Every structure is written in structure tokens, then in C-alpha cells.
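Enquirer: Could you look at this predicted model? Sequence included:
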Amino acid sequence: MSVDADGRVTVQVRLAGEAFATQVAAAREMPWPLDDTALEDLRWYLEEYLTAPFAVYEDRGAAIRDRLDVWGGDLFTALFGQAGPAREAYVAARSRRDVEIVLQSASARFLGLPWELMRDPARPTPLALEGLPMIRTLPSADLTESFEPVGAAGARLRVLMVVSRPEGTADVGYQMVARPLLERLESVRGTVELTVLRPPTLTQFETVLQDAVERGEPFHIVHFDGHGVFAREPVLPAGRGSAMYETAGERGMLAFEKPEGGADLVPAERVAAVLAAGQVPVVVLNACQSAQLGSEVEAAVATRLLREGTASVVAMAYSVYAVAAAEFMAVFYERLFAGDSVSEAATKARQHLHTSNLRPSPKGPLPLEDWMVPVHYMRRDISFPGLTTPRPQPTSQEAMLAEVRAKMQDDGVGNGHGLAPAGKFVGRDGLLFTLDTAARLQPVIVLHGPGGVGKTELAKAFGRWWRDTGGVDRPDLVFWDSFEPGVSSFGLDGLVTSLGLRVFGNDFAALDRLERRRTVEGLLSEVRVLWLWDNFETVRSMPDPTGATPPLDQDEADELRGFLHRIAARGRSAIVITSRSPEDWLGPQTRRIEVGGLNRDEAILYANQLLAPYPGTRPKRERRAFEDLMHWLDGHPLSMRLILPLLDTTTPERLLDALQGTEPLPTGDDEDRTTNLAASIAYSFTHLPEHDQQALTVLALFHTITDSDVLALLSQSPKCPQRLRDLSSAEWQGILERAAGVGLLSELGAGMFRLHPALPLYLTAHWQRLSLGGFSTEYAAAMWALLDASAAFAQWLGEQWNSESAQTAVTVMELHRRNLSAMLGHALTHGHWSHADTIARPLNEYWNLRGLYEEARAWVDRTQHVLEDPPGTPPPLDAPAGHLWAFLTHAQANRQVRAGQLTQAEHSYRALLNSYQELPGSEDIHVNIAVLYHQLGMTAYLRGELDQAEHWYRKSLTIEERLNNRSGMAGTYHELGITARKRGDLDQADRWGRKALRIHEELGDRPRMAIVYHNLGNTAQRSGELDRADDWYRKALNIRDELGDRPGMAGTYHQLGVTAYLRGDLDQADHWYRKALTIKEGLRNRPSMASTYHQIGITAQHRGDLDQAADWCRKALAIFAELHDRPGMANSYGQLGRLAEIRGDNRQALEWTIRCIALFEHYPHPATGPAPDRLKHLTHQLGVHTLKTLWRAITGDTLPSSIQTHVAQTGPDETGSGESRTK
């Protein structure tokens, strides 16, 4: 199939042995099979669906999966038609064997479609899964000369892996394909020569490829495991094809690294030239976006490589899970060894991906149809017939013994440790990348972190990685030493002798002490060696309490430190040290890398692995308590390994209680500090002074995070237990820092520390031993003191929230949220209403900011259940319980307004207003009444009742001005401005907005400043001042982005889309709308979703896609109608009328316009926009009789006289031939 620059498709058939293809049908224009929406849905399904497959996302993912077959049929029909010669040629070809589908075009847009989905409607399975190779290529005129792969029979497959991550660990979603790929290549290990490019710079890339050519051993494959991007290019001159292809060009780039760090974006043609000079026939692209082709062929990395001489390119068309890419590549390489061509290997690997389709998710492994992601670009099929996997031969007894001895050596039997993993190693790609880079530049590295966090397994994984990818000069130059108590000495001489004997043999022992040191230092300076030192804390900073091996004295420590400094200064080798302590005594020449818990995705992978033998635990993973348990475990590998399997016999709720110290935790009798949580913590804990041990028991009350300032507040509480009293923030800081120094805590900064997940359980037991029979009394007193401290802390947070320190408050709240939520629950359980009220206020701000509406509703329901007696009867509003009830009920009503539930919200506001008006008129009561007037104004505004809205706002403003409540005054000024804008009085709207802004800026209230910036942008936009509008929107977005205000960001993205649309930049408008929609759908904010659906529909209309426009408008209308949002319904009805008019269906246009106008009693109503003018225009076209007939049919009433009078008027444009105004 060939597609030319004008989008015309030609179907040709070439039989085996024929030199040329035969055209079987005349060229015809190809209907475009998948629109932008379908392609975006496919991208979301492949790249985002499994990150949160819950609720609306789960439904959307299932719906898209069900559409894959439909899209496959559409792709097939676009090429072959419903019937005719092309379809007949396809049927005839299928009757033969060894059929290939070849897609040939210079159009990157055509080649970039997901053709692998293509399915014959008469068959149940996509063609690609039936074993038909799907090949993309360029017209032969665009191809330069190619070259033959070099390699004698029996040679190893030479693969150069380019792992480039210029942003390091800041690279979002960083995953390496190379490491899981190595694990899956055991069947061909030894026959794959996998070299990792170090450093991943373009200069080194050229050097390595050229060196290989000069040795007569060029690489067979270059595998990019990194990122690709596109740079915009100017639009091409006219005449280069039809409108289908005339869009701004994009230039494909691959991200290498600069020598000094940072991204070096190299154009695809430059990379192609280097590959051609290096005689590389096959390229694999795992680069994100590398095959998502732009509008011109120069933009596509894959096609550019083909053009410059590469024979085959296998690429990932979308971002793909690392495990999926590794699954595909492992089978791909194995099939190459079996003698398959690249095309055959890619086809079989794709079929394997379809069969092995479980991918990690928070719910456990779930199926994902990502088999269509790998695509094959080819100019000539390549195979490597000499690469065969040797058949396994019967093993002799002697060979078996040798294999056992080798396994013992690798596993470290008799030596304590080796490089073999304890179970399957999971994740840590970011840390491995950091280590790989650091070990080249800073050769002595300390990996430090709490016990059980996975330092040992990380070091072993790094050793395997360097051993298998050319990180060391020879694979046998990776060495492991462990400083477990019981060895004769931790001194330098013992280390030097241990390494020397393994490298040089027994002759090394004959050297004297100085010669041994010089020999080993010479080795480490001249040869690339990796030396791993485990459990180094026992050497000096945390010696073994039993004294099995004495710690180093000062002279010995100085000697060891000097040795490491010399290696760091001039060695080619790397020494990686694991310790619970940062080992500050080693000096500044040592690089320190802190090892924390697994990140969220890695923790999910590890949980899947740990729970795989326990299928009965799957329903328990669906519960909220499991999510809370995973959060508590905080990605701590040892805790996860010991705790999660217990789900087989207990519940996540009970395990969570046990970790919090309120229930016993089932454990074994293992006393090993590396496999028992209590033993692991005890080893660190015993290295602290007695006073610190006693003080730290109070951390049993905390969830994940503790804070020296909160602890100081606790110590000041009169309810605080005596031994915790009168400790200052500085004293607590010292205690916490010492605990972090022995690996019990991780310091986060600003006085905050992260707890080891099993620490509260251990500390509860320790507390019970300290207090003997008085534990319960002391524990309750400490909880009281912590409640006092939390309330004081929450009050401080609330003060910061609406100030210039809002960003700090949000960050601190993010960390302390679990602690404050726990204290809110404690206060509700024990009837401490004032404390609960104080704590709930900043939490409520956080729930709104993050869009956590379900969590907020759960707390409101819980509070109302506790306080209403009987149900539905609130407590007195002038008592502490009433203050709490009123605050949360009011807050929930505000969320109902955002959700479009105006009737429920108004009911709550009026009930609160009536209750307050019955109380004596204190200042606080008047403030609350003013706020309720304000909120009633908002509900009236949202119903389109502008006079009523202004009435309520002015009642509110009268009270606020009398009380000089400046924040409240600013809020009402702002709403009066929005109302003025809705009336069309833009100057007045701007004046009200600026009055509000002045107050918020004077108060330093950044969240509310962002709200006013946004609405001033809206006013400027309505005035036609689009640049000024964008300035306001971006000021709002800067604050909202800093605060992580997702609902606010979505609103501003939406408005930036509107201004782009008004400029005529439809692509940019669509970009902003979809960014907004992603957040809105995630928040399930249905009114806001409907608003963006409506705008996407308008954009589709201006692209000329009226069907798509109508679909989006109907989606918006369904939500507006469900919420009884009359202004929203009016917008949708009006737009559907406009679309019908454009189609020439004036009668249907009139029906939609009547539905719009009939929503309101007043005529013309501001919410109906241009509908009255359109009604007049359409009536002049169709006649008043038609208007009267349709009005009665739709509304059941006669046409109002006011409307009949209006449509009878004739203006200069109302003769029946004029164009009605559009909104």
C-alpha cells in the first residue's frame, strides 16, 4: 500500500520472485481512519490507564479497549475499501502463504497511524496477531545505499545500549529497559555482547562505533533506551501536498547527554550519519515518542534512519512499560538467535506481548493490549544466520560440581554475601542511573539509609549491572566484601589482603604489608574494578554491641580514610559502600547517596511479586485499607517483604493497626537484623543515648512524618508526660538528627523527618517496657498532648495558607496530612470539638486544593453522624460542637456548588442562615451570616438569576464593610465583578476585580490572588484583549502550579484554550482543553468537564468536523441537564442550533434555539447569548407559523407575545439573507 503526498492510496501486489509490484486498483483518496480524539484515547489507554484504574478511569479504559477492534476495522477499510479490486487482491493474497503487509509513504502522519490494529472485518483477529508482518517503509526514491551486516558465523550478537537520561532522577517515570531485558536473556547469555555507552554523549557514541568498525567487529544493533523529542520547524512552502499534510513540520531529535551534564538534543539525521559510518544495520528505539511521527518525514527518527542507510528500525510507537518493552525485546533477540529475520522476530515478539499482557497496576497485574506498540520500519530484511543458541548438552558429574561451585561463589556461600539477589530485584532505576553516573565521576560512594531499605540489594544489582554491561574491564572484576561482625578485623590490611588474594592468587600473600597496599592501589588505578563494601556501619559509626569484631580505632580509621581518598583522587575503579550512617568521618571527598523507599510504581511491582503466591489476597487489595497500608509501609522493602504475605491470613486493617502499635504483629522467631523488623530496628536503636531512647518513644504516635516543632509544642502541653516535658525545638531536632544518623529516620529538612515504617510498632513495645504498668495512662496523656500540639500546628498552617507563605503551607500539609487526619479522628472519637474544628480547617483547604472531594465528604458524614442527635438535628451553633458542625456542613455545601448541586447547596445555606439568625448578634455570627449571603448569591448567579445574585452580594457587602472584614469584602467585590461581566458591563467588571485584587495583594493571600487574576483575564478576554488576558491567566497559573491547585490549574488551562481558539490557533486550543480535561475527569468535576466538552466541540466545528462538534456538545448537554444547569444547557442548545444551521437544516436549528430560549421566563435573557437574534433570523427564514408550531410542540405552551413582537422587528441584517452573530 502506497500513499502519496495528496493522501491517495494505491494497492499493489508483488509475488515472491517478482522484481516489481503490480498495481491492482486505481489510486483513490484515502478516508482518514482515526481522528485526533481516537488517537488521544489510544495514547491515554496505553500510557496512563493503569496508573489509576479506578472508577471513571476504569470505565474509560474498558471502553477504549472495546473500541480497538472497531478501529482495526476502520483502518482496514481505509486501505482496502468495502469492496472492489483492492479488497479482492487482499483476499487472493491471503490464500497464499507468507504474506506481508507493506505500508509505503513519505508521509510521517500516515506511517504513524497504529496500523498494527488493522483487522479484516470478516476475521476475529488483527492481521498482526495472525502472524502477518506489518512493515513500514519509504518510497524507493527516498532511500540511499545500504550496507551488509558484518559478522562471521558463530559470532556473538553485538549490541550497543545507549541509556540516556539527561534529567537524571528528575526524569518523570524513569525506567530502564536494559536491566529487565538482561534478566530475560538468560537463555542466550554469553552469546549477546551487550555494551552500555558510558558516558552517553554523542562524541563517545561516534568513538565507540568507529572503534568497533576498525576492529572489524561493528555492532549489529544499537538500542536507544532514552527519550526522543520534537522541535518545531517552519511550515513547508505551498505545493508540497494537500491540506492533509500541510501542517507545521517537526524535527525528530534523540536526547544524548552533554559532557558537562544536561540534554544534548541531536537531530535524527545527525544520528543517522553516525550509525551509517558505524555500519549498524539494525536500530531499536525505546525512546519515548521516538515513533510518534510528526507531519513531515524529517520529523520522524525512524524514517530518517532508514533514509540514511539503516536496514531495519524497531521502535516503540508510544511510551511503554519497561517490563513490556523488555518482554518484547527478549523474545525479539531470542528469535534472531534462532535464525529469524528482523521482520519475523518482531512479528513473533509482538504475538508474545499479546499473550503475556499483564502489566503492573495498583490493583495488581492487569491486562493491557499494548502489543501494537512495537512497530517495524524496514528497507531490507536482515538476519544473522550465524547467531544460533547452542543446544544444552548432557551435563557430566564433574561439570555439575563445577557449576555448583560457581553458584556457591556467586551466592557467597561461606562468605556471607555475593551478587545473587535475595529474590527478584525490583525497581531502583533512578538510583542505579545515579550510581552509574557517580561511579564514573566520584569513585568512592556511600549508599546510606535506614535498615531494611534495600541498600545491600541495590549494591548487588549495581554489581551485576556493571559486570554484564561493560562497566568493568572484565566481568570477573566485581568484588564483594561484607563487614558483618565476626570477621577478624575491619582494618585496611584485611581488606587489601582479601582483594589481592582473589585477583593475584596465593603469591600475593608472600608480599609484605606495604607491597600489598601498593599493588592493590596500582590495580585500582590502572584497571576498571568495582569493589562493593556492605554493612560498613559496623566499622566505626555503629559498632556491633556484642563486640564480636572491635571497631576501628582512630589510627586505623585515618588509615582507611586515606586509602579511600587516594582511590577517589586517581583511581579508575569505583568503591561503593553501604551503611545505615552517612559515614561523615570519611570526609567530603566521598559521594553520599541516600537510599529511601521504593517509589509508588516500584512498590506496586514489589507488592505484586510478594503477593503472587497468595491469590486469595486480591480482593483485599481492592479495599481502602490496603492503600493505607501501602502508604504506611512507604516502599520499605524489608517491611513489605515481612508484612504483605501476612495478608494471606489476616486483613489490611489489622496489619495497619499492628504497625501503629495498637495490636500485636504476627512474627517469626528469626533474630537476624537483616530479616527481622524488630531486630533490624533494635540494632540501630541501641546505639542511641538512653535519654534519646526514652524521648523517641513518643514517635509511636506519629504517622510516617514527625516534626521537631510539633514535638516542641507537645512538650509544652500541660498534659504531656513528665519525661517528655520542656524539650525545645532545638533539643528535639538534635534527638531526631541522631536517630537519622543511625538509620531510624530520614531527614527531609525544615525540622521534618520520615519514620521507618516499623518504628512505631517497635517504639510502642519499648514504651510498654519502660512504663511497666503505667503505659496506658502515659500513652493517653501523650495523645492529649499531641492533640494540643496538632491543634496549635493546624492553626499556624491556616494562618500561612492565605498568605505569601501559602506554598510552604501546602508542602508542609502534604507531609503532615496523615498525622492531622489521625488527630481529627481522635478528637471526634473523644469529643474534643474545639480541637477538631481547628484541625479540620486547614485539612478542608487541602481537600479542596487537591480535589479530594470524596475524602472530604467522608469526614463530613462522620462528623454529622457523631454530632447530630437525632440524625438531621444539628447541635447548637453557638457551642463548640455546633461550630464544628456548621463549618464542615458549610464547606460541603461549597463543594456541592462546584459540583453543580445547587439545590442541595442552597438548602444547606438557608438552614445555616436560619439557625444563625436565631442567635444573639455577635460579631462572629454576623460574619457567618455575611458569608452565607455571599454563597446564596453564588447559587443564584449559577442559575442565571443575576438580579437575585447581586441582591445577596450587596447584603453580604453591607455587613462586611461595617465589620471592616477586608478579606470578605474582597471576595464580594470579586463576585460582583463576575456578575457585571455576565451582564456585559466589562468596565464595571474590571473595576470590581481590581478592587478585590488590591486587598488580596495587601493581605498577601496568594490563593485568592490567583482566583482574581484568572477572572481579570476572563474580563480582558471578553473585551477582546487576548494578550492581556493571557498575561492574567499565566499569573494565575504560576501561583496555582506552585500550590499544586489542580482544580484551579484545570480552569486556567481551559481559559488559555479559549484565548488560543479566539486567535484561530485551533491546535493550541485543543492542547490546552485536553490538559484541562485530564485534570477535570480525574477530579470527576462534572460541571467543569461539561464546560470543556463544549469548547472542544466549538473547536471541532471550526475544523469543519460538524459530527464531532455535535458529539462533544451533546456530551456537555447531558451533564448540564443532569445538574439542571440552565445557563450551561442554554450554551449547548445554542451551539447545537448553530451546527444545524451550518448544515442547512434550519428547522432543526430553530428547534434547538427554542429549547435554549425557553429555559428562562425573561426574554431576552443574558444567559442565552445570541439565541434571540438567531431566533429572529430563523423565523424570517421559516415563517412565524413554523415558530409557533415548534414552540408549542417543544414547550407545550403558546408563543409568548414578547417573543412574537421581537421576531417581527426587522433590523438592517434581518431581511432573511444576513448572517446571525455567533458567540
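Expert: Nice, I can see it. Predicted model only: the values in this text are computed from it and were never measured.

Enquirer: give me every residue that touches Tyr321.
Expert: Leu50, Gln175, Arg359, Pro360, Leu368, Asp370 (Cβ atoms under 8 Å, 6 or more residues apart in numbering). Where C-beta positions appear, they are placed from N, C-alpha and C, glycine not excepted.

Enquirer: try Pro721
Expert: Pro721 touches Glu778, Ala781, Ala782, Ala785, counting by Cβ under 8 Å, 6+ apart.

Enquirer: Need the max-distance pair from those residues.
Expert: Distance extremes for these: the farthest pair is Glu778 and Ala785 at 10.4 Å, using Cβ to Cβ.

Enquirer: Those two: who's more crowded?
Expert: Ala785 (24 against 20; other Cβ atoms under 10 Å).

Enquirer: residue contacts, the more buried one?
Expert: Leu714, Ser715, Ser717, Lys719, Cys720, Pro721, Leu724.

Enquirer: One more: Asn1146?
Expert: So Asn1146 contacts Ala1140, Leu1178, Gln1181, Leu1182 (Cβ under 8 Å, 6+ apart).

Enquirer: Check pLDDT for the contacts of Tyr321 and point me to the minimum.
Expert: Of all the contacts of Tyr321, Gln175 carries the smallest pLDDT score, 64.

Enquirer: now Tyr321: how far from Pro180?
Expert: To Pro180, Tyr321 is 10 Å away according to Cβ to Cβ, to the nearest Å.

Enquirer: again with Val266
Expert: 26 Å.

Enquirer: ditto for Thr979
Expert: Here Thr979 is placed at a distance of 58 Å from Pro180 (Cβ to Cβ).

Enquirer: same question, Tyr1053
Expert: Here Tyr1053 is placed at a distance of 35 Å from Pro180 (Cβ to Cβ).

Enquirer: and this structure, what are its domains?
Expert: Domains of the chain are assigned by automatic domain parsing as 2-138, 157-378, 397-594, 600-659, 688-848, 851-964, 1125-1223.

Enquirer: would a markdown table of the ones you listed with distance to Arg1086 be doable?
Expert: Shown next, in a markdown table, are the domains of the chain (distance: least, Cβ to Cβ, whole Å):
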| stretch | distance to Arg1086 |
| --- | --- |
| domain 2-138 | 10 |
| domain 157-378 | 24 |
| domain 397-594 | 37 |
| domain 600-659 | 23 |
| domain 688-848 | 16 |
| domain 851-964 | 6 |
| domain 1125-1223 | 10 |
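
Enquirer: wait, which of those domains is closest to Ile1098?
Expert: Between those, domain 1125-1223 lies closest to Ile1098; by Cβ to Cβ that is 6.7 Å.

Enquirer: what does the average pLDDT come to for that closest one?
Expert: In the prediction, domain 1125-1223 has an average pLDDT of 83.

Enquirer: How about stretch 475-488?
Expert: pLDDT averaged over stretch 475-488 gives 80.

Enquirer: in that stretch, what counts as buried?
Expert: Using 16 or more other Cβ atoms under 10 Å as the burial criterion, the residues of stretch 475-488 that qualify are Leu477, Val478, Phe479, Trp480, Asp481, Ser482, Phe483, Glu484.

Enquirer: Relative to Gln988, which of those is nearest.
Expert: Val478 (74.9 Å).

Enquirer: my read: that closest one touches Leu530, true?
Expert: Yes. The pair Val478 / Leu530 is scored as a contact, 4.7 Å apart, by Cβ atoms under 8 Å.

Enquirer: can you list residues touching both of the two?
Expert: Gly463, Trp466, Arg467, Val472.

Enquirer: re the thing from before, could you work out which of the domains of the chain reaches nearest to His1000?
Expert: Among the domains of the chain, if distance is taken as Cβ to Cβ, the winner is domain 688-848, at 8.8 Å.

Enquirer: Distance to Ile1096 and secondary structure for the contacts of Tyr321 - can I get that in a markdown table?
Expert: Formatted as a markdown table, the contacts of Tyr321 follow (distance: Cβ to Cβ, whole Å; DSSP: H, G, I helix; E, B strand; the rest coil):
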| residue | distance to Ile1096 | secondary structure |
| --- | --- | --- |
| Leu50 | 25 | helix |
| Gln175 | 32 | coil |
| Arg359 | 29 | strand |
| Pro360 | 32 | coil |
| Leu368 | 26 | coil |
| Asp370 | 26 | coil |
